[in-house]
Each structure stands twice: as structure tokens, then as C-alpha cells.
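Student: Need the 3D shape of this:
(chains A and B)
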Amino acid sequence: MLSRVAESLFWMSRYFERAESTARFLDVNFNLMLDLNSITSVDHPNYWKPLIMVMSNPEHFNAHYQEYNVQTVTDYLVFNRQNSSSILSSISMARENARSIIESISSEMWEQVNNVYHFLQSVSPQQVHTDPYSFYKEIKNASHLFQGITDNTFSRNEGWDFVQIGKYLERADNAARLIDVKYHMLMPKRGQHLDLVKDSVDIIQWMAVLKSCSALEAFRKVYLSKIDPDNILRFLILDRTFPRSITFSICAAQEALWRISGSSLHRYVNNVDRLIGKTDAELSYTTVEDIYQKGVHEFLEEIEQGLIRIGEQLHLLYFAYHTPKIEPLDVSEALPFTGIAGGRANWSQSQQQQQQ
Amino acid sequence: MTRLFDNYDALPERFFDEVISRDGKPRVHYEKMMRRFTQLAPDDIRARRELVNIFFRNQGITFTVYGVDEGIERIFPFDLIPRIIPSPEWKTIESGLIQRITALNEFLSDIYHSQKILKDRVVPPDLVLGSKHFRREFVGVTPPLGVYIHVTGSDIIRDLSGRYLVLEDNLRTPSGVSYMLQNRQAMKKAFPVLFDRYKVQPVDSYPQQLLRTLQEISPTPKQDPKVVVLTPGIYNSAYFEHSFLAQQMGVQLTEGRDLVVNNNKVYTRTTRGLQRVDVIYRRVDDDFIDPLVFRTDSKLGVAGLINAYRKGNVALANAIGTGVADDKVIYSFVPDIIRYYLGEEPIIDNVETWLASNPKHLKHILENLDTLVVKAANESGGYGMLVGPESTAAEREKFAELIVANPRNYIAQPTISLSRHPSFFNDNEIAACHIDLRPYVLYGKSPSIVPGGLTRVALKRGSLVVNSSQGGGSKDTWVIDI
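Tutor: Got it, this is the predicted structure:
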């Protein structure tokens, strides 16, 4: 498979997952707002700033908006094209990547990407403000539909594995960032845990974290109604069966990587497999107590750093193939997180060629 | 109820009408078609058009219009009434084009080697050597099988008497063949019965023939030479066609960044490492194909490709430097070129052409700007031209200046009354629209043509320009046995 095709498959899937995550975070925050309305002022920046911390970066946000509130944050995370991880940007990038490999994907997949793109073009900010629930639901469903269509129409070969890797690396990354930020907010003093979180506001907030991962029902089946941070961390980070937990995502990505390279347990054949195996082993043999001992933030940051390194190695190994005589690209030059974005520059030239 | 053809105005004294002969009766090979269309109610027509539109939309058959800030994708307008060519006429076109392409290939081979034709003054050397498409870097280089022009599409028109004439040769990267194939699919869906009644010769084997042609020119004989299509990328107007052809041939569609040259060999970058490439069907112009040799700012090409090609490690289709022979100035010499190399009279003639670089011709051009069509020698796609009878005095003045400033770059031809063919303006109104024909010639071990081609139609009322970028559409083209 051409490296470029593999890369576009990876990014198409990854951007779709990113749009879904953003929709989830926003959706849950809206619900949270309604739940908490009677207890505290919901337009308080504290409720909206963390979204920016999870999905983007506050400096970039501040360059465009004066304050953190429902309107500005929604606008930034849904419609703002300057924000490369807004829903609109993510879906546009997913579509650009799909368009460049249209002969390699199934026509149903292309249609679905296209549908979502055109749906987004037709939605106004006003519609999202008046009926956020329907809008976010549409985006989440669109993403599920896309992955479902892919599962049912796309051959189970290398290409499909790259789609899986894109989806699960993005999911693990988003989960890690979400937990990190929420934990930071709800548990400001390190070392004190468990009993301190009794406050109902905090309980509601933790439930919101679960909801944003569609994890509330699944969580209840395992831990009944004991919504405490211990169990929540255990579930969202370490659970091996819940499809949005970090460990599950890492395992799924690892399986796809193994199918491509032929690695197996304890026998890695390249750096990506080594790094993801290391992360998997770390998660597999960790307890919640270990996480506390290390510090939740430190632990999650290590996971996030690991994911970045995995992404870099994936890029070097599969997408930026070079002969030994050609100097390897410097990682920072290799534009690891843009997918097709670089292709934009080629536009003016490709249109300079006249049609004969 | 008025019948579909009742108000059709063929104007046989001004234009050759493909369907209605001078005596006002339909030509024999169009009778069945006319009967069928007359039977259809506007609703039937609408339903069939809908069917065809959905087919095109779902296939993503679009082209990009330039000059707009961001590329806009449009569906190429398709006309439901097929153009029918009886096999005896087709035989003339076929043999005429094969003769022409064979001679043009000889010409290319000659000017890139011993340049006999220039020494014999059949073609003025300055017109060839001074052409912007002449690649002196390739003098002395012999492509595999000595073939330069593997895929060509010459535009053919008919004059008032119905004579077929070649209007222009496209020897670089002619586009449109995907429409020929898709139009046929669409017509089979919309008019299965009519299609069945005519014995239409199939065009569906084109992708296989193209692949065979490409494999034939592999520089190293192999069981299965690796062929790739090279596209400028998704923003190119013909991107759909590039991806369609790659998919139909079952080969990889690559961009410049997918290919890498090492030790003068070309490879694709794959997830499993580098894989050797033998033949590149390139849809990237010479200028952009290798930044080390041609335009250094090109991001679409492959650095080192030209050296690999010169070394004979990879074949390019078409070869580099073929544009020199489809230059509109060289065009006027093609009949002489045919006589020179083949010792035959041209089977299909040229359109009469005046060269601005010839002082006598220049005088004629400047005096008759209001009746002539003036074309820039190196432009394509209907850009850079003046249609005399439709122009304003200011436009003519501007062109006169341009021509005098750079005579080498301009030619003029009489405003030809392209033949006309009934086409739909809306669901129950047809009108006579101008058409041309672009058959596609493949040339590997020997030249061949699939029976058919792309019939382009000027759907703007009265317009003579059939290019897709200028509001043209297309028709399915049926070559039938009679």
C-alpha cells in the first residue's frame, strides 16, 4: 500500500474520531450546565475553559475571543476554521484525506464523509445554540455510522488496520486529556483522594466525565452506583472491555499494528510496536494505587507523551519511508500531525496545468 | 402534442447537420433513434435524465473550473441524444488518425535525433527549435520501442460538406476518455432498448488496452511490469479521470510525493518499503515533472525522474517533449509531415491555417480579424482565443497588438461552421448544437483506436466552443455496423 494512502486512511479516521470527541465534550458540558444551574453560575469560565484545555490550547483561544462562555467556546470548538481541531476543521480534513484516496476507499465511506461535511455546511451557530442536543447527536451518530460503514464495506487488509490505528490512538489521547483536566479541576491537592470528593457538584461532574465517554451505563454495571474517583479512574483508564477506555484503545491499536508488521506478544519488529507494547504493559500491570502514587497528572502525561512518540514512529516507519541513502527527515520537519494539510500548498500548481 | 423534432431547425445551407440531410429527411442511420425519441413523452425524458444525473453524481464524475478562488466541482453536462457514426465513416477516421499519429511519431523521433525534416526544409527549423515545448535535453534519447505518443486525442470536426477535418492534435496529456466510458454506461442504463437495436461497437475495453499499451513500453521485459498513474493531485481539473483510470486498470494512483528516485531507479514509497516502478502514465505536464530539470519550484513532480528516464530505467507515457508536435503552428505542417515520412496523401485533412509568423499570412490575418478564429499556439482548453465574428472591435484591436508583438505564437483559421446535432435544451425542447469528436489513439507496439470517442457539444445557444471549461457538454458516441 502506498504510504500516502495509508497516511490518508489514518488521518481520515483520526479526524473523524476527533470531531466525535469534541462533540461529546460539548454535549456533556451542556448537560452539566443544566444539572448545575441551580447550584452555581454555569456561565462561569470554569465550566468552559477546561474544554479548551482538553481540545485545543487557551492561548490560541484568547487570540480570538474575550472570555470563556457558552457562545464563544461553542463557536470556537464547532465552527472556527482557525482552530484546527474544531468539528468543522476536523470533518473538512477527514474529507480532504478521503478525497485524495477516493479510489482506495469504498464509495459508501466517501458518501458518508461527504454527507457529514455538507450537513455541517448547512448548520448555523444559532441552530446549535437552540438545540445542541440534536446537533451533537448528529455528529456522534455520523462518526459511528462512518466507522460502521467502514467495518462493513472495506476489505480487512492493511488499509483497514490504519483506519483502526487512527481511531484508537485519537480516542486514547482524548480520554487521557479529558481525565487529566477533570481530575485537575476536581482534585486540586495531590495525595488527597477518595473521601474528599463527597460534594454533590463533584459527583455530578464525575458523572459528566463518564457520560462524555458514553461510559455511565457500562460503569454502573460494574461498580453499581458507587461514583467515586477511584472507580472512575480504574474504569476509564484500566478497563480492558470498555471500548472507550485508554487500555482498550491501546490494545486495539496494538492489534492492528501487529497485523501490519507481524509482531506478536514480546516479539516486536519495529519501534512503533515496541513503544505501544511498552504502553500496553505499563497499563496492564498498573493499579489505581500505582497511579495515585505516581500522581494522576504525571501518569496521564506519560501516556500522552507515549502516544505522541507512537505517532512519530508510525509516521517515520510507514508514512515517510526513505532509502538509507536519503537522509531521514527530522521529525519536526516531517509534519507528523497534519495529514493532507500540506497538500493545500500544491493546489495553485496543480491548477496551473491546463486541461488538454 | 407537438413532437420532439417538429420545431427542429437544421439550417442545412449553413451547417452540416448530423441527423437531418439536405432534403430534410433523417439520415438512414439516425431513423431508429428519431423514432424512439419521438415516442417518448417529456416525463419519460425527465425520468431518464434523472437516472443519468444520479448515475453521474454517485460516480463523482466532476471536473474543476479554474479561476474561482477555491476549485468548484461540477458535473460535466451530458446530453441524452447519442451521436451515431456508421462504420464506413469510422473506417476513414480510424485510418486517417492512425496515419496521422504514425507520421507525428516519426516526426518526433526525427527532430529528437537526426532532424532530417528540418535539414530538408520541409518544416522551418526555427519553428521547431524555438518552440517552448521543444526539449533540447532529449535530443538523442530514444524512448522504448521508439514511441513518443502513447495516448493521444485529436479533435475532429466536420465542415459544411460533411468532410471530416482534424482541428487540433493533443499529444501531451489529453483528457476526457473517462467521459467516453462513463457516457456509455449512462446510455446503457437510460436507453437499453434503443442501444440494443443498434449494433453499437463496444468501447469498454479501453482501460485494458491502455494497460496493455503501457506494459508494452516497459523498458525491462517482465511478466507483469509495474505501472502507475501520476496525477498532479486532487485539485487538478481532471483528477477524477486520473483516479478513475487507475481504478479501472487496477494500478496505483500516485502523486509526485509517492515516488522517489534512487540510483536512477524509480520507486513507490509504500508501507512495506520501496517498490520498483517500470512505467508511469503521467498526467503531469513536462514543466512540472522534475524540479531538477524543468521548473525548479514544482511540487508536483519527482526529483531525478528525468535522469532515470534517460537511463532507460523507467518509461513515461507520453514521452517528454511531445508538445512540440501539437503546437498549433506545427499543426499547419502536418499534411507535409505525412507526405514526407509516409509518402502518402493525408486521409483526413487539416483546417486551412494561416501562420502569423509568415509575413504574407500575417497581412491576411490582420485584414480579416472579424471573420477568422485566432488562437495562441501553445494554449489549450479554449483559453487565449479570439472568435472573429463574435468579437468586439476593442477585442480585435487587443489581439492585433498581441499578434504583431509575438507572431510565432499565433495562428488563424476560418471560422468553421462545426457540424450540428440535435441536443436537449430542456426536457421537451431540442435544438441544433455544434459538436466535435475526440477519438483516443493508443500506441504501444502499434497504434489502435477503440471505436468511439468523446463527442463534445456546445450547449450554450450558438456557441462554437465545446471545451468543458467553457460551458460545453458531451454525448455518447456510437460507432455502428451497417
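Student: ok, longest helix in chain B?
Tutor: helix B:87-111 (DSSP state H).
Student: next helix or strand past it?
Tutor: helix B:116-119 (DSSP states H and E).
Student: Contacts for the helix or strand that comes right after that next one, please.
Tutor: Downstream of helix B:116-119, the first helix or strand assigned by DSSP H and E is helix B:125-129. Applying Cβ atoms under 8 Å, 6 or more residues apart in numbering or on different chains, the contact partners of helix B:125-129 are B:111, B:115, B:118, B:134, B:136, B:324, B:329-330, B:333, B:357, B:408. Where you see a C-beta, it was placed from the backbone N, CA and C, and this is true even at glycine.
Student: What are the buried residues along helix B:125-129?
Tutor: Buried positions in helix B:125-129, judged by neighbour count with 16 or more other Cβ atoms under 10 Å in any protein chain shown: B:127-128.
Student: Just the CA trace of it, in PDB.
Tutor: Output of helix B:125-129 as PDB, limited to C-alpha atoms (Å, rounded to 0.1, in the frame of the first residue of the first chain):
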ATOM      1  CA  PRO B 125      13.800  24.800 -38.100                       C
ATOM      2  CA  ASP B 126      13.200  27.900 -36.100                       C
ATOM      3  CA  LEU B 127       9.600  26.900 -35.600                       C
ATOM      4  CA  VAL B 128      10.600  23.600 -34.100                       C
ATOM      5  CA  LEU B 129      13.800  24.500 -32.300                       C
END
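Student: What mean pLDDT does it get?
Tutor: Helix B:125-129 shows a mean pLDDT of 92.
Student: Give me the distance between it and the centre of its chain.
Tutor: Put simply, helix B:125-129 sits 24 Å off its chain's centre (Cα atoms, centre = their mean, to the nearest Å).
Student: again with stretch B:431-450
Tutor: Here stretch B:431-450 is found 7 Å from its chain centre; the criterion is Cα atoms, centre = their mean.
Student: Now that stretch: average pLDDT?
Tutor: Taken as a whole, stretch B:431-450 has an average pLDDT of 94.
Student: So residue A:303: helix, strand or coil?
Tutor: When classified by DSSP: H, G, I helix; E, B strand; the rest coil, residue A:303 comes out as helix.
Student: gap between the nearest residue to it once chain neighbours are set aside and residue A:108?
Tutor: Nearest non-adjacent residue to residue A:303, counting by Cβ to Cβ, 6 or more residues apart in numbering or on different chains: residue A:176, 4.9 Å away. Per Cβ to Cβ, to the nearest Å, residue A:176 is found 32 Å from residue A:108.
Student: go on, residue B:132?
Tutor: Counting by Cβ to Cβ - residue B:132 and residue A:108 are separated by 46 Å.
Student: Over to residue B:256?
Tutor: 30 Å.
Student: Neighbour count for these two, which is higher?
Tutor: The residue with more neighbours, out of residue B:256 and residue A:108, is residue B:256; 25 against 15, by other Cβ atoms under 10 Å in any protein chain shown.
Student: and the longest helix of chain B, what other elements does it pack with?
Tutor: Judged by 3 or more Cβ pairs under 8 Å, 6 or more residues apart in numbering or on different chains; DSSP states H and E, helix B:87-111 is in contact with helix B:116-119, strand B:164-168, helix B:334-342, strand B:440-443, strand B:447-449, strand B:472-480.
Student: tilt between that helix and strand B:472-480?
Tutor: Using axes from the mean of the first three to the mean of the last three Cα atoms, to 10 degrees, the inter-axis angle of helix B:87-111 relative to strand B:472-480 is 110 degrees.
Student: Just the buried residues of helix B:87-111, please?
Tutor: So for helix B:87-111, counting by 16+ other Cβ under 10 Å, buried means B:89-90, B:93-94, B:96-111.
Student: Next: stretch B:354-368.
Tutor: Those would be B:354-358, B:361-362, B:365-366, for stretch B:354-368 by 16+ other Cβ under 10 Å.
Student: who touches that stretch?
Tutor: Stretch B:354-368 has contacts (Cβ under 8 Å, 6+ apart) with B:127, B:329, B:332, B:372, B:374, B:388, B:400, B:403-404, B:407-413.
Student: circling back: looking at the helices and strands packed on helix B:87-111, which is nearest to chain A?
Tutor: strand B:164-168 (9.4 Å; Cβ to the nearest Cβ).
Student: which strands and helices sit next to the helix or strand following that closest one?
Tutor: Where DSSP H and E defines the elements, the next helix or strand beyond strand B:164-168 is helix B:177-190. Using 3+ Cβ pairs under 8 Å, 6+ apart, the elements in contact with helix B:177-190 are helix B:42-59, strand B:78-86, helix B:206-216, helix B:239-249, strand B:454-458, strand B:472-480.
Student: Kind regards, and thank you for your time.
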